[in-house]
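Colleague: Need the 3D shape of this:
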Amino acid sequence: MKDHRNSPFRDAGLDRSTASHVPDTAQTRSPSYRLAFADDDFLCREELRPVRLQLELLKPQLMLDEHQIESTIVLFGGARIPRPANKDSARTSTLAELSHFYEEARDFARLMTRKSIQTNCKEYVIATGGGPGVMEAGNRGAADEGGKSIGLNIVLPHEQAPNEFVTPELCFNFHYFAIRKMHFLMRARAICVFPGGFGTLDEMFESLTLIQTGRMDRVPFLLFGRAFWEKIINWDALSDAGTISPEDLDLFRFVETAEEAAEIIENWDPAPPRSDIPGR
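Modeller: Next up, the predicted model:
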């Protein structure tokens, strides 16, 4: 294999391969003899957490750069929302009623992916958590159009795997929730939130907080399904209590359909981050 690096030093991968073929002795079997970067036990030590955080931030960053991904359309939403065809087996009647958002997410991803393909899949790339439910619908819609989509999966205690529609070379796995959240937002051109549970709420409020506090540019922030969101969150009560300002309620919009969301994104004027926090 030709070495394309601009360096006179031996390649680390080559040394790793060479080290795996050394004579079998008491010395070479000792954990101390392993190359540090090839020693899983060493890398998993508690003291190496800062290194693992850095690696988890860096790996997806480098790979997304290699694929020239410049902007994403982020889809958050419930893993438990079934495909409409499976709604009769939903655990609750509410989940069955919410199943139509699977198709809205899929249709929305199709619309965004058509725009993405016009940029050679560099812009408007669908990004989801890579799981089932709304996430699957987003990746599936992108696949329907022959485009790319990103899946940011995370290791959970129960057995799970990414959905089959994520572009394989853009499918990532995380240990740290915080780093995963950073990757959701670092390239976000829009944030679309479908009905969901704790995970969806966590992602929604963290994203809103970054925009509210001026830590992030304003982007289209769309909540699919007004009835759901107004039932589970009393937005006006937060404003009336003064814990948020009335202006904070303008940071997001309610939408019902894929077409409505796509139109808002299409006509969005870039907005800088806030320079202050209203009401403080």
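
Colleague: Show me where this structure has its helices.
Modeller: Counting by DSSP state H, the chain has helices at residues 12-19, 26-29, 40-43, 49-66, 93-98, 100-118, 134-144, 177-185, 198-212, 226-232, 235-241, 258-266.

Colleague: Output those in a markdown table; the columns should cover mean pLDDT, distance to Ile126 and mean neighbour count.
Modeller: Just so you know, the C-beta spots here come from the backbone N, C-alpha and C atoms, and that holds for glycine as well. Shown next, in a markdown table, are the helices of the chain (pLDDT from 0 to 100; distance: least, C-beta to C-beta, whole Å; neighbours: other C-beta atoms under 10 Å):
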| stretch | mean pLDDT | distance to Ile126 | mean neighbour count |
| --- | --- | --- | --- |
| helix 12-19 | 90 | 33 | 12 |
| helix 26-29 | 92 | 47 | 10 |
| helix 40-43 | 95 | 32 | 11 |
| helix 49-66 | 97 | 13 | 14 |
| helix 93-98 | 96 | 20 | 16 |
| helix 100-118 | 98 | 5 | 22 |
| helix 134-144 | 98 | 4 | 27 |
| helix 177-185 | 97 | 12 | 18 |
| helix 198-212 | 97 | 15 | 17 |
| helix 226-232 | 97 | 22 | 13 |
| helix 235-241 | 96 | 27 | 12 |
| helix 258-266 | 97 | 12 | 17 |
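
Colleague: Now for Thr128, how many residues are close by?
Modeller: If you count neighbours by other C-beta atoms under 10 Å, Thr128 ends up with 33.

Colleague: meant to ask about Pro162
Modeller: So Pro162, with other C-beta under 10 Å, has 21 neighbours.

Colleague: Now it: phi and psi?
Modeller: phi -60, psi 150 (degrees, to the nearest 10).

Colleague: Can you check what pLDDT the model gives His158?
Modeller: Looking at His158, its pLDDT stands at 84.

Colleague: Can we start the residue count at 15 from this point?
Modeller: Got it, first residue is 15 now, which makes that one His172.

Colleague: separation between it and Ile164?
Modeller: 23 Å (C-beta to C-beta, to the nearest Å).

Colleague: Is it correct that Ile205 is in contact with Pro234?
Modeller: Yes: proximity of Ile205 to Pro234 meets the contact threshold set by C-beta atoms under 8 Å, at 7.2 Å.

Colleague: for Arg232, what are its contacts?
Modeller: Ile225, Leu265, Ala285, Pro286, Pro287, Arg288 (C-beta atoms under 8 Å, 6 or more residues apart in numbering).

Colleague: Now rank those by neighbours and give me the top one.
Modeller: Busiest of the contacts of Arg232 [other C-beta under 10 Å] is Ile225, holding 21 neighbours.

Colleague: show me the contacts for it.
Modeller: Shown in contact with Ile225 (C-beta under 8 Å, 6+ apart): Asp231, Arg232, Val233, Phe235, Leu265, Pro287, Arg288.

Colleague: and of these, the nearest to Thr181?
Modeller: Nearest to Thr181 among these is Val233, at 22.5 Å by C-beta to C-beta.
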